[in-house]
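> need a structure here:
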Amino acid sequence: MPTITDLPDELLDEITHLLPKGTLFSLCTVSNRFQPRATRWLYRSLALAGNGDTIKICNALISNKIAAISVRKVLLWPGLAFSRLSLTGGPFYLYLSAFYKLLSRALACAINVENIRLMFPYCGASLSFDACAFTNLHSFATTMEPHTLASFVRRHPQLQELHISPSDVRSITLSEFSGISLSSLNSVCLPQSLLFIISPDAPLRSVLSPEIEDDNEEIPQFIRHLSRYSTTLTELHLCRPHWNAEVLMHVATLLPKIKSFTFTRMAPGLHDPANVAFLEACEAALPFFSSLGQFRIEVARNRELSGFTFVSDYRCDFTTVQMWGNKCPTLSICAFPSGTAWHRIEDNVWMPDLHHKAAIRWFFEAASTDQFPIGVMGSLQLFCDSMGKVDTLGLLNFRSPSAMESIGLYHQTEEDESEVYSSDSDENDVEIEE
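Numbers count the residues shown, from 1 in each chain. Below you'll find the model as predicted:
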C-alpha cells in the first residue's frame, strides 16, 4: 500500500509548507527525507527575542547549513530578555556581549535573508550587524543606533524598502550618510533630514514621513524634494503632531498625480474645533489633484478608542464626502478624523465601512429615508432584507484600517503570526559560553 513516503518531492514540499511550526519541529526528527524539507519552512521566518529559544535558534543556524540558508525573514526584538539587571547569575554586560557575538555568528550564516526588522531599545544591540552583509536583502526596518545604521545601509545599496524610525532624529550624524545613494528604493519611511540618500533615479512609489515636531518652514522644501519623483510616487503618508493646512496645497500642486494621500494627526482630539478648519482646507485642495483615489485625514488613537464613532458622525461626514466626490472625480476612498471611512460604489454614491455598529445603524436609517439614488435602492433593499447575505454591491468587501494600524511600521500581520518561529515565554534563559 502506498504511503506518504511514496509521494514525489514537489508534493512533499507543498505539504510541509502548510504545516504549523510545532508539527514541522516534530517532522524534522522523522527521517532523513523529511528533515531537510521541514527545516526549510521551520526556519524561514524567525522572531528572536533574546531568550533561551533565541539562543537555541542561533546555535541551530551556526551548526545546520540548511536551516541557515532557509531564513528569509528576521524580526529581532531582544528588549524583553534584557530588561533585567542580571541574567544567568552573571554580570549583565558579560551576558550581553556574549549574546551579541553569538547572534552575529548566526546572522552571518543566514546569507539568503530578504527582510529584516530590528527593534532595539538598548544601546549596543546593533553591533551584531557590523560585519553582516546580506546580498538578497530588499526590505529593512529599524530603530537601531544611527552610527551603526549608516554603515549597514552603505553595505546594502540594493535595498528596495527602507524604514528608519530613530528615537531621536537630532542624534543622526548626517555626515556619516554622505555618499549614500540608493537607486532601487520604492518604499521609504525616513525623517526629512535623510531624504537625500534616495537616488534621483529611484523608482520611489511610497513615502511615510513621521515627525515628532512641526516645522512649517521645512514643509515646502520637503514636498519640493519629493516632487522629483512625481512620475513614480503614488502614495504619501504624513504624520504630524497637529494639522497643517499648508501641506495640502503643496502636495496638490507639486504632486498632483499622487493616488493615495494620508495625513495623520498624532495629537488626540477626535472632535477638536481645528478639525473643521482643516477639512475646509482639504476641500479647497481637492480640485488640484488629478489622480487621487484614496484620501485619509485621521487622528491617531489606540485600539480601545477605535470603536467610538457615532451615528451623528456618519450623518455629517456623508454630506462632506459627497461634496468631496464632486470636487475630485477620481476619489474612491475617504476617511475622516471622526473615524468614519467611505468608499464610492458608483457615480457619487458613497457607502461607509459596514463593519462598525454605528455605520450599520446609519446605513439602515439612510436607506429607509431614501438618501440614495433610485438606481441603487433595489440592491440596497435586497441587502437589508437579507441582513447582508445578498450583497450585489460588494458593501461588505470594504474594510478600512484604523488610524493606528495605518501608521504602524511593525504591526503584526496574519502572515507574521503564522510564520514566525518564536516562543511567548521568556523564562529558561540559558548561559552562553564565550
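> Can you list the residue ranges for helices in the stretch 51-200 of the chain?
Here the stretch 51-200 of the chain has its helices, by DSSP state H, counting those that start in this stretch, at 52-63, 65-70, 92-109, 146-154.
> Tabulate the ones you listed (TSV), appending mean neighbour count, mean pLDDT and distance to D317.
In this view, the C-beta of every residue, glycine as well, is placed from N, C-alpha and C. Output for the helices of the stretch 51-200 of the chain, formatted as TSV (neighbours: other C-beta atoms under 10 Å; pLDDT from 0 to 100; distance: least, C-beta to C-beta, whole Å):
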stretch	mean neighbour count	mean pLDDT	distance to D317
helix 52-63	19	88	47
helix 65-70	18	93	49
helix 92-109	18	78	48
helix 146-154	18	79	41
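> Go through those helices and name the closest to T309.
Closest approach to T309 among the helices of the stretch 51-200 of the chain (C-beta to C-beta): helix 146-154, 39.2 Å.
> which helices and strands does that closest one pack with?
Where contact means 3 or more C-beta pairs under 8 Å, 6 or more residues apart in numbering; DSSP states H and E, helix 146-154 is packed against strand 139-142.
> what residues does the strand it packs on touch?
By C-beta atoms under 8 Å, 6 or more residues apart in numbering, the residues outside strand 139-142 that reach it are 114-120, 126, 149, 152-153, 156, 159-165, 189, 409-410.
> Mind doing that once more with 6 Å?
With C-beta atoms under 6 Å, 6 or more residues apart in numbering as the contact definition, strand 139-142 has outside contacts at 115-118, 159, 161-163, 409.
> ditto for stretch 186-201
Contacts for stretch 186-201 (C-beta under 6 Å, 6+ apart): 160-164, 169, 177, 180-183, 185, 203, 205-208, 218, 222, 225, 228.
> which one of the helices of the stretch 51-200 of the chain lies closest to F383?
helix 65-70 (47.3 Å).
> So what touches the closest one?
For helix 65-70, the external contacting residues (C-beta under 6 Å, 6+ apart) are 36, 39-40, 43-44, 60-61, 109-110, 112.
> can you rerun that using 8 Å?
36, 39-44, 60-62, 106, 109-112.
> CA atoms only: put stretch 222-237 into PDB for me.
Only the C-alpha atoms of stretch 222-237 are listed here, as PDB (Å, rounded to 0.1, in the frame of the first residue of the first chain):
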ATOM      1  CA  PHE A 222      10.200  68.600   1.900                       C
ATOM      2  CA  ILE A 223       7.400  68.400  -0.700                       C
ATOM      3  CA  ARG A 224       9.600  70.000  -3.400                       C
ATOM      4  CA  HIS A 225      12.200  67.300  -2.700                       C
ATOM      5  CA  LEU A 226       9.600  64.600  -3.300                       C
ATOM      6  CA  SER A 227       8.400  66.300  -6.500                       C
ATOM      7  CA  ARG A 228      11.400  65.000  -8.300                       C
ATOM      8  CA  TYR A 229       9.700  61.600  -8.000                       C
ATOM      9  CA  SER A 230       6.400  62.900  -9.200                       C
ATOM     10  CA  THR A 231       6.300  60.400 -12.200                       C
ATOM     11  CA  THR A 232       6.600  57.400  -9.900                       C
ATOM     12  CA  LEU A 233       5.300  58.500  -6.500                       C
ATOM     13  CA  THR A 234       1.800  57.200  -5.800                       C
ATOM     14  CA  GLU A 235       1.500  57.100  -2.000                       C
ATOM     15  CA  LEU A 236       2.300  59.700   0.600                       C
ATOM     16  CA  HIS A 237       1.600  59.400   4.300                       C
END
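> Return a ChimeraX selection command for the buried portion of the contacts of strand 139-142.
This is how ChimeraX selects the buried members of those, with burial counted by 16 or more other C-beta atoms under 10 Å:
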select :115,116,117,118,159,161,162,163
